[in-house]
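*Asks:* I would like to see how this sequence folds:
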Amino acid sequence: MALFSRFSKSNDKKSKLDQKLEKTKKNVFSKISRAIVGKSKIDDDVLDNLEEILISSDVGVETTLKIIDRIEKRVAKDKYIGTSELNKILKEEISDLLKENEIKTFDDFNIPAEQKPYVIMVVGVNGVGKTTTIGKLAYQFKKAGKSVILGASDTFRAAAVDQLQIWADRVGVPIVKQGMNADPASVAFDTLKSAKSKNADVVIIDTAGRLHNKINLMNELTKIKNVMKKIIPNAPHEILLILDASTGQNAIEQAKQFTAATDVNALALTKLDGTAKGGVAIGISDQFKIPIKYIGIGEKIEDLQIFNKFDFVDSLFN
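*Replies:* Just a heads-up that it's a prediction; the model follows:
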């Protein structure tokens, strides 16, 4: 019965993903359909059009060229491949490309048993859905039976602490905060101290979403990390970068800047349900040696999923 329940939940999750990627699917497939009108086989013209389609769908130039190269080699080897097979080939080659990027994937909202409290420091520019993702993440951890504490270390925006408080109340988890313009590192210190005394399972620390100066950003995040280490020596265990899928190539550029500024080891991609630029997930999965761990696919509190790149590609071509 438990196995059937797990299988049913997995199917529900996959079905939801299929629906939420509708805008991206329509964007890609309507263009592919136009590109192959009057063509019976995959030739140079079809490949040129496909390259343009993938780039315009925010897969990214670097990843697109890899995909086109793989398809060219396959066409050369098989001699004749009809355009009716293009979607199937595209799906297979993207999946195979992502398989080669041996990045760890995750199955559920769990944490390593030996790391308690498990400390997540969340970074990202303003407007990408950082606070919302923290709230949804707290909900999922609590649902999984974990005790969670939030730390409001984004003290430079008056609304940031208030928004995080709303999410803490909504999820039913405690929050540690100080006043406007308080030292972010001090808030993080107090949060970890509280988490340790309460034997909490998970700590999620919000940080300021500014990207005006890479040096200042690096210094600020380094200071927060160093202060946290005074309470928990190997904290933070996870530095989670939030990216907005609807910004397309800007998301890739932000990933480059943040990964250069701090030791990001996990990514969350938000707003996939409201954009035709979902192809950016393929580009990010290919280009960065950092896993997309979570995806946001809606506004509801439960609309945060563990990202499985193969389920994603499968849904995209379903």
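*Asks:* Show the low-confidence segments of the protein, by residue range.
*Replies:* Counting by pLDDT under 70, the chain shows low-confidence ranges at 1-14, 79-80, 102-107, 211-214.
*Asks:* Can you show me the strands along it?
*Replies:* For the chain, the strands defined by DSSP state E cover 118-123, 148-152, 175-176, 202-206, 238-244, 266-270, 292-296, 304-306.
*Asks:* Columns distance to residue 315 on top of those strands, output as TSV?
*Replies:* C-betas here are computed from N, CA, C, even on glycine. Converted to TSV, the strands of the chain look like this (distance: least, C-beta to C-beta, whole Å):
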stretch	distance to residue 315
strand 118-123	26
strand 148-152	29
strand 175-176	35
strand 202-206	28
strand 238-244	19
strand 266-270	14
strand 292-296	11
strand 304-306	11
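*Asks:* could you list every residue that touches residue 243?
*Replies:* Neighbour list for residue 243: 124, 128, 251, 254-255, 267-270, 284 [criterion: C-beta atoms under 8 Å, 6 or more residues apart in numbering].
*Asks:* What is the nearest of those to residue 90?
*Replies:* Relative to residue 90, the closest of the contacts of residue 243 is residue 284; by C-beta to C-beta it sits at 18.1 Å.
*Asks:* The closest one contacts residue 253, doesn't it?
*Replies:* No - checked against C-beta atoms under 8 Å, the pair residue 284 and residue 253 is beyond contact range at 11.1 Å.
*Asks:* between those two, who's got more neighbours?
*Replies:* Each of residue 284 and residue 253 has its neighbours counted (other C-beta atoms under 10 Å); residue 284 has more, 24 against 13.
*Asks:* what's the spacing between the more buried one and residue 125?
*Replies:* 15 Å (C-beta to C-beta, to the nearest Å).
*Asks:* Tell me, how many residues neighbour the closest residue to residue 62 other than its chain neighbours?
*Replies:* Nearest residue to residue 62, sequence neighbours excluded (C-beta to C-beta, 6 or more residues apart in numbering): residue 287, at 6.1 Å. Residue 287 has 16 neighbours, counted by other C-beta under 10 Å.
*Asks:* for residue 287, what are its contacts?
*Replies:* So residue 287 contacts 60, 62-63, 252 (C-beta under 8 Å, 6+ apart).
*Asks:* Residue 193 too?
*Replies:* Contact analysis of residue 193 by C-beta under 8 Å, 6+ apart lists residue 231.
*Asks:* now it: how far from residue 230?
*Replies:* 9 Å.
*Asks:* Wait, residue 31 touches residue 51, no?
*Replies:* No - judged on C-beta under 8 Å, residue 31 makes no contact with residue 51 at a distance of 11.5 Å.
*Asks:* Just want the most central residue of the protein.
*Replies:* What sits nearest the mean C-alpha location of the chain, by C-alpha atoms, centre = their mean, is residue 268, with 2.3 Å.
*Asks:* That residue pairs with what?
*Replies:* Judged by DSSP bridges, the bridge partners of residue 268 are residue 242, residue 294.
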